[in-house]
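Novice: predicted structure and sequence below. I'll ask about it afterward.
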Amino acid sequence: MNSHPFDVIVAGLGVMGAATVHALAERGARVLGIDRHDPPHALGSSHGRTRIIREAYYEHPLYVPLVRRALELWRKLENEAPLPLLRKTGGLSIGPPGSRLVEGAAASAREHDVPHEILDAAEVRRRFPDFHVLPGSSALYEPGAGLLDPEACVRTLLLRAVHAGAIIRSNEPVLTWTADRTGVRVYTHAGAFAAHTLILTLGAWLPELAQLHLPLQVERQTMFWFEPRDGVARHWPYTLWETTNGTIFATFPDLGEGVKAQLHHGGETTTAASVRRAPDRDDELRVRRLLEEFVPAANGARRDGTVCLYTNSPDAHFTIDTHPAHANVVLCSACSGHGFKFAPAIGETLANWALTGQSGMDVTPFRITRFSVAT
Ligand SMILES: Cc1cc2nc3c(=O)[nH]c(=O)nc-3n(C[C@H](O)[C@H](O)[C@H](O)COP(=O)(O)OP(=O)(O)OC[C@H]3O[C@@H](n4cnc5c(N)ncnc54)[C@H](O)[C@@H]3O)c2cc1C
């Protein structure tokens, strides 16, 4: 495997690309990582100071083994990190009767023996008096759940990758690529780079460079930080809330920068190139209305706000597969709003795939053959 200067080129160094470059470099591969910006940055999907990591996975039990593997790898990485990456806060999922959030999380927890408690509304109010839970609601409390620091994670993955021999090129957009049986060529303004395999971890930019039509939709999301009442929010768990109309939103403990709050979905369809980058008054009001009803203690002065991108697939599962026209090009767009926590497990899967042809993980649910795609 040495007729090219690189074994693998990874295009896009958000958390998925950073984890992939790291896993490849750790395995001794000659790897080049390229990003159009200088990661970690705030223009894609891997920023905003906190990302939830939980095992009681309401979306589907199939994610539980994957998050467990990711957690092992995050802990291992944290041992080599200059700053903490993980913070155990406990996690609460609250919803009305029949809530997919609570029932889905409970199903995953039961199937995979995830330590958890089911609380009724009165018990939630007793333990967390700042949370205004509707009568008849229930909650799943997961004591082992917590938060990752996304900027620190991306930075550490890239630092450790470079330490293990990876070459990183920042502020250098990939313009296009070609592939044939002998290898791949990746073109930037600086020239052409050759390798055996190309991995595209381009987040919301994947549709621009995939060279096939994937049914992915980019969605604009906003996050806000608000001043909480004195000290109340320091020891909260992060909380996922489902309202009676099915809206899901999240609140986070105050880690020194205010209470972060964000809606899950409900943003406008956009593209990475054309997205409105500044959060506006309507974005803020939508979040404030929910805080006023459910967590009024968090509804203080706005401290900060930012825009982030979801890349959604029709079934909200990830997209991880080889390109249908090129066996040596691998695509990964693992967002749909819930991918961050899995990054090191996905990174090792992509690295194994590129180096051995075997992913080591059952990627069937993530194959692009589940969509009808045109090359
Ligand atoms: C508001 C919000 C909240 C979220 N909350 C959670 C959560 O709590 N828990 C969780 O697990 N997940 C969460 N997610 C999802 C998670 O953050 C994403 O799944 C994950 O960050 C996606 O990473 P990525 O590497 O695929 O994309 P990105 O981070 O966007 O990385 C793509 C990279 O490709 C680069 N790039 C683009 N075009 C080119 C080019 N032409 N050449 C070279 N490089 C290029 C970009 O600069 C970028 O660095 C959340 C997402 C958002 C937006």
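Specialist: The structure has been received and is ready for your questions.

Novice: pull stretch 327-343 out as CSV, backbone CA atoms only.
Specialist: Output of stretch 327-343 as CSV, limited to C-alpha atoms (Å, rounded to 0.1, in the frame of the first residue of the first chain):
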residue,chain,number,x,y,z
ALA,A,327,-15.1,1.5,-3.8
ASN,A,328,-12.2,3.6,-2.5
VAL,A,329,-14.3,6.6,-1.6
VAL,A,330,-16.2,6.5,1.7
LEU,A,331,-18.9,8.9,2.7
CYS,A,332,-19.9,9.8,6.2
SER,A,333,-22.5,12.4,7.1
ALA,A,334,-23.6,11.2,10.5
CYS,A,335,-25.5,14.2,11.8
SER,A,336,-29.3,14.3,11.8
GLY,A,337,-28.7,16.3,14.9
HIS,A,338,-27.3,13.5,17.1
GLY,A,339,-24.0,12.4,15.8
PHE,A,340,-21.3,14.1,17.9
LYS,A,341,-21.2,11.6,20.8
PHE,A,342,-20.4,8.7,18.4
ALA,A,343,-17.5,10.3,16.7
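
Novice: any residue of it up close to the ligand?
Specialist: Yes: in terms of Cβ under 6 Å from any ligand atom, part of stretch 327-343 sits within range of the ligand, namely 333-335, 337-341. Every residue, glycine included, has its C-beta placed from N, CA and C.

Novice: residue 192 touches residue 177, doesn't it?
Specialist: No: using Cβ atoms under 8 Å as the test, residue 192 is too far from residue 177 to be in contact (9.4 Å).

Novice: ok, what's across the strand from residue 187?
Specialist: Here residue 187 sits in beta bridges with residue 176, residue 192, going by DSSP bridges.

Novice: next one: the closest residue to the ligand within the stretch 101-250 of the chain, what pLDDT does it get?
Specialist: Nearest to the ligand in the stretch 101-250 of the chain, going by Cβ to the nearest ligand atom, is residue 203, at a distance of 2.5 Å. Listed pLDDT for residue 203 reads 97.

Novice: what's the neighbour count on it?
Specialist: The local packing of residue 203 (other Cβ atoms under 10 Å) involves 26 other residues.

Novice: over to residue 164?
Specialist: Neighbours of residue 164 using other Cβ under 10 Å come to 17.

Novice: correct me if wrong: residue 81 contacts residue 149.
Specialist: No: applying Cβ under 8 Å, one finds residue 81 not in contact with residue 149, separated by 9.4 Å.

Novice: neighbour count winner among the two?
Specialist: The neighbour comparison of residue 81 against residue 149 (other Cβ under 10 Å) goes to residue 149, with 22 against 19.

Novice: can the helix ranked longest in the chain be said to contact the ligand?
Specialist: The longest helix of the chain (DSSP state H) is helix 63-79. No: Helix 63-79 stays clear of the ligand (Cβ under 6 Å from any ligand atom), getting no nearer than 8.5 Å.

Novice: hmm, back to that, quick one, which of the residues of stretch 327-343 next to the ligand has the minimum pLDDT?
Specialist: Within the residues of stretch 327-343 next to the ligand, lowest confidence goes to residue 334 (70).

Novice: contacting residues around that residue?
Specialist: 16, 318-320, 342-343, 346, 366 (Cβ atoms under 8 Å, 6 or more residues apart in numbering).

Novice: with adjacent residues omitted, what lies nearest to whatever residue of the chain ends up closest to the ligand?
Specialist: For the chain and the ligand, the shortest gap (Cβ to the nearest ligand atom) falls at residue 14, measuring 2.0 Å. Nearest residue to residue 14 in three dimensions, chain neighbours excluded: residue 46, at 4.1 Å (Cβ to Cβ, 6 or more residues apart in numbering).

Novice: and the end-to-end length of stretch 261-276?
Specialist: Taking Cα to Cα, to the nearest Å, the first and last residues of stretch 261-276 lie 19 Å apart.

Novice: ok so, going back, quick one, phi psi at the residue of the stretch 101-250 of the chain closest to the ligand?
Specialist: With angles defined as degrees, to the nearest 10, residue 203 sits at phi 50, psi -130.

Novice: so who does it touch?
Specialist: Taking Cβ under 8 Å, 6+ apart as the test, what residue 203 contacts is 12, 14, 16, 44-46, 272, 309, 311, 333, 335.

Novice: just for the stretch 1-150 of the chain, where's the confidence low?
Specialist: 1-2 (pLDDT under 70).

Novice: which residues of it lie near the ligand?
Specialist: 11-17, 34-37, 39, 44-46, 48, 51-52.

Novice: mind checking which of these land in helices?
Specialist: 15-17.

Novice: ok, of these, which come out buried?
Specialist: 15-17 (16 or more other Cβ atoms under 10 Å).

Novice: number of residues surrounding the residue of the chain closest to the ligand?
Specialist: Neighbours around residue 14, by other Cβ under 10 Å: 29.

Novice: that one contacts residue 51, correct?
Specialist: No: under the criterion of Cβ under 8 Å, residue 14 makes no contact with residue 51, lying 11.8 Å away.

Novice: only the buried residues of stretch 127-138, if you could.
Specialist: 128, 130-133, 137-138.

Novice: quick one: terminal-to-terminal distance for stretch 37-47?
Specialist: 13 Å.

Novice: buried set for it?
Specialist: So stretch 37-47, judged by 16+ other Cβ under 10 Å, has buried residues 37, 39-41, 43-47.

Novice: next one: stretch 224-242
Specialist: 224-228, 232-233, 236-242.

Novice: just how off-centre is it within its chain?
Specialist: On the basis of Cα atoms, centre = their mean, to the nearest Å, stretch 224-242 sits 21 Å off its chain's mean C-alpha point.

Novice: alright, I will stop here.
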